[in-house]
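> Following is a predicted model, sequence given first.
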Amino acid sequence: MKRLACLVVLALLTACSVQLERALLSLDLPAATTQVILSTTSGWHDPTATVRCFERSGSGWQAVDFGVPASVGRSGLGWGLGMHVDGGGPQKREGDGRAPAGIFSIGTAFGYAVAAPDGLAVPYRQATERDYFVDASDSLAYNQWQSIPASQVNDPKAHWSSYERMRRDDALYELGMVVNHNTGDVVPGRGSAIFLHVWSGQGKPTAGCTAMSREDLLRVMTWLRSDSRPVLVQVPLDELQRLQRKL
């Protein structure tokens with residue numbers, strides 16, 4: 001009976017994976033993109049997600065794993081600014097506690113250590129006590145990683161009215177990756193400082209990022225390759241079939 005139950009679960013997981021692979025194929029992502037991190041929730045207000053990794057195989061997509069638990073914003077998801085066409089639903093705003101929904105390219109990896117983790121194949125940046133991500137909507141540096149030079153007093157309040165410390169007192173940013181939400185033509189107030197990072201515990205939501213266990217995050221980070229032009233696709237599950245990429 002136990003073996004039968006396991007076979008049933010495996011069949012269900014496989015069927016789900018096939019449906020997700022078809023949905024990714026319908027997005028018609030750029031040919032250069034051959035890796036996707038897919039983060040799905042049960043609805044707009046759900047602060048928990050499942051993260052799966054997919055790799056392009058021939059003309060389709062193939063799941064690399066069956067998924068790991070993750071946390072998103074305490075208020076769920078809201079449409080962000082990225083490579084997608086917004087559908088119906090809430091919009092991501094600064095300080096709203098929502099993680100951005102849509103399609104986003106992945107930026108640099110970061111962490112507290114001087115050297116990148118073994119096996120990392122994407123650019124890495126050390127987060128020091130002089131590094132900040134600016135979330136002050138009235139600043140010209142809004143939604144940018146800024147460093148205070150060693151020649152200056154390390155006083156971020158002298159530069160910005162609001163900011164995110166990249167070298168925290170806890171382990172949340174011990175490892176992470178920048179999500180390219182609201183970059184390029186930055187829109188003030190539409191959200192900033194969006195990362196993949198280490199969670200504070202399973203079931204504990206974030207302020208607007210996507211978080212998972214350190215072990216799972218490290219596995220995802222070392223799977224990614226720069227030449228694969230990886231993207232994050234993050235939406236409520238029932239929105240995935242309707243998601244459209246900007247052409």
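Perfect, thanks for sending it. As the structure is a prediction and not an experimental result, all values here were calculated from the model.
> nearest spatial neighbour of V134, skipping sequence neighbours?
In space, and not counting its chain neighbours, V134 is closest to A141: 4.4 Å by CB to CB, 6 or more residues apart in numbering. The C-beta positions use only the backbone N, C-alpha and C, and glycine is treated the same way.
> what does G111 give?
Nearest non-adjacent residue to G111, counting by CB to CB, 6+ apart: L175, 4.7 Å away.
> How about V64?
With sequence-adjacent residues excluded and distances taken as CB to CB, 6+ apart, V64 is closest to C53, at 4.1 Å.
> Please, which helix or strand holds the one you found?
Here C53 sits within strand 48-57, counting by DSSP states H and E.
> Mind exporting the C-alpha coordinates of that strand to PDB?
Extracted in PDB, the C-alpha atoms of strand 48-57 (Å, rounded to 0.1, in the frame of the first residue of the first chain):
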ATOM      1  CA  THR A  48       3.600  31.100   0.900                       C
ATOM      2  CA  ALA A  49       4.800  29.800  -2.400                       C
ATOM      3  CA  THR A  50       6.300  26.800  -4.100                       C
ATOM      4  CA  VAL A  51       9.600  27.300  -6.100                       C
ATOM      5  CA  ARG A  52      10.400  25.000  -8.900                       C
ATOM      6  CA  CYS A  53      13.300  25.100 -11.400                       C
ATOM      7  CA  PHE A  54      12.900  24.400 -15.100                       C
ATOM      8  CA  GLU A  55      15.500  24.100 -17.900                       C
ATOM      9  CA  ARG A  56      14.800  24.400 -21.600                       C
ATOM     10  CA  SER A  57      15.300  21.000 -23.300                       C
END
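> Need the residue closest to the centroid of this structure.
Nearest to the geometric centre of the chain sits L196, at 4.4 Å (CA atoms, centre = their mean).
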